[in-house]
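1. Quick one, what's the 3D model for this:
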Amino acid sequence: MERRIPMQTMKFPTQDASDAAMEILYLQEVARQATIGSEAIVKALRLGLNHDSRDPEVWASIQTSLFACICVVRLIYSSDRILWQPTNGDRHHARAVSTNRSDRIKDLLDMGDDSPLLQVAEVRNAFEHFDERLDQRIDSGAECVSDWYISDGTVMMTPQNGHQTAVGLRIFYPEGGLLLFDDQRVDPYSVDLQLMYLQKKTAEKIREIEQRVKGSGRFSPGPIATLMSREVAEDRRREWLQKRKSAMIQIKELPVVRLPDS
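-> Okay, here's the model as predicted:
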């Protein structure tokens, strides 16, 4: 299948037109991630109400929504954590570029500092650094964990005082609209509504800003590289499918091992 390489210019005859084109680029990404996040939340809630408490599809949707939300947050809210290196090596310049961009997008979308999206960071970080959280609990003397389950409204929390022999980690309560990692929590209902607002607001702003994009855009295409021949790509795909089929057979033949639940 032939697929075209998309190109979107950000350079126009006037600075205002160029600024508008860049604003549209960032707003398009906000809209894209907001859509991904919202749809993943709805899927997680729907599956959580009807599926087994350890269904990986539920948690796959939860993790997708967390990642998308963090992408939105980083586009709208400035951060001191800057990973890219300016050509002149000035980290202060990089931070200023990031701050100016986020302040502008935040202003365009009328976002305040009380957005429910800001709840997501701590829970998402806990999911990402699960290994460290579990290491910490085990090292502190935990003898059992309550983790990766859908709640009916009751949960086992890690004791905040005293010896932590039993610890609670990843918990999802779809009816009440709560996702928890230990004592950190996020409200999927509020987050979803915020993401829906952003989908609507970005569409409105893009239509408005498009009026400022005037003149002929500058396109400077780079060199085109071929990743591999179609024959090699098809061979790789065929080999993967064969190996995956074999692996699935082996997995299905494994005995089901379950640790005793209390």
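2. Show me what the host helix or strand of I206 is packed up against.
-> I206 is located in helix 188-209, with elements delineated by DSSP states H and E. Taking 3 or more CB pairs under 8 Å, 6 or more residues apart in numbering; DSSP states H and E as contact, the helices and strands that helix 188-209 lies on are helix 15-50, helix 56-76. No exception for glycine: its C-beta is placed from N, CA and C like everyone else's.
3. chain center to the helix or strand just after that helix, what's the gap?
-> Next along the chain after helix 188-209, taking DSSP H and E as the criterion, comes helix 230-253. Centroid separation for helix 230-253 versus its chain: 29 Å, with CA atoms, centre = their mean, to the nearest Å.
4. can you check stretch 66-75 too?
-> The answer for stretch 66-75 is 5 Å, by CA atoms, centre = their mean.
5. could you dump that stretch to CSV, C-alpha only?
-> The C-alpha trace of stretch 66-75 is given here as CSV (Å, rounded to 0.1, in the frame of the first residue of the first chain):
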residue,chain,number,x,y,z
LEU,A,66,-3.0,8.1,31.4
PHE,A,67,-0.4,8.5,28.7
ALA,A,68,-2.7,10.6,26.5
CYS,A,69,-3.6,12.9,29.4
ILE,A,70,0.0,13.5,30.2
CYS,A,71,0.7,14.5,26.6
VAL,A,72,-2.2,17.0,26.8
VAL,A,73,-0.9,18.4,30.1
ARG,A,74,2.6,18.9,28.7
LEU,A,75,1.3,20.8,25.8
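6. so for that stretch, what's the average pLDDT?
-> Regarding stretch 66-75, the rounded mean pLDDT is 96.
7. what's it in contact with?
-> Stretch 66-75 is contacted from outside by 26, 29-30, 33-34, 36-37, 40, 102, 105, 117-118, 120-121, 123-124, 127, 191, 195, 198, using CB atoms under 8 Å, 6 or more residues apart in numbering.
8. Try it again at 6 Å.
-> Residues outside stretch 66-75 that contact it (CB atoms under 6 Å, 6 or more residues apart in numbering): 26, 30, 33-34, 36-37, 105, 117, 120, 124.
9. for stretch 5-15, same thing?
-> 18, 21-22, 215, 217-219.
10. what do you get for stretch 112-122?
-> By CB under 6 Å, 6+ apart, stretch 112-122 touches 69, 73, 184, 186-187, 190-191, 194.
11. try it again with 8 Å
-> Contacts for stretch 112-122 (CB under 8 Å, 6+ apart): 66, 69-70, 72-73, 76-77, 181, 184-187, 190-191, 193-195.
12. got it, and stretch 170-178?
-> Residues contacting stretch 170-178 (CB under 8 Å, 6+ apart): 44-45, 48-49, 58-59, 62, 127, 130, 146-153, 155, 179-181, 185-190.
13. and if you look at stretch 19-39?
-> Stretch 19-39 is contacted by residues 8-12, 64-65, 68-69, 71-72, 75-76, 101, 104-105, 108-109, 191-192, 195-196, 198-199, 202-203, 205-206, 209-210, 212-213, 217 when judged by CB under 8 Å, 6+ apart.
14. so where's the stretch 101-250 of the chain shaky on pLDDT?
-> 159-164 (pLDDT under 70).
15. hmm, which of the contacts of stretch 170-178 are the buried ones?
-> Buried members of the contacts of stretch 170-178, counted by 16 or more other CB atoms under 10 Å: 44-45, 48, 58-59, 62, 127, 146-147, 149-151, 179-181, 186-188.
16. returning to that earlier point: now, which of the contacts of stretch 66-75 sits nearest M1?
-> Closest approach to M1 among the contacts of stretch 66-75 (CB to CB): I36, at 23.4 Å.
17. T165 versus E132, what's the distance?
-> Per CB to CB, to the nearest Å, E132 is found 20 Å from T165.
18. on that earlier part again, Throw together a PyMOL command that grabs the buried residues out of the contacts of stretch 112-122.
-> Only the buried entries of these go into this PyMOL selection, using 16+ other CB under 10 Å:
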select buried, resi 66+69+70+72+73+76+77+181+186+187+191+194+195
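19. got the helices and strands packed on helix 188-209 as JSON lines, with distance to G141 columns?
-> What follows is these, written out as JSON lines (distance: least, CB to CB, whole Å):
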{"stretch": "helix 15-50", "distance to G141": "32"}
{"stretch": "helix 56-76", "distance to G141": "27"}
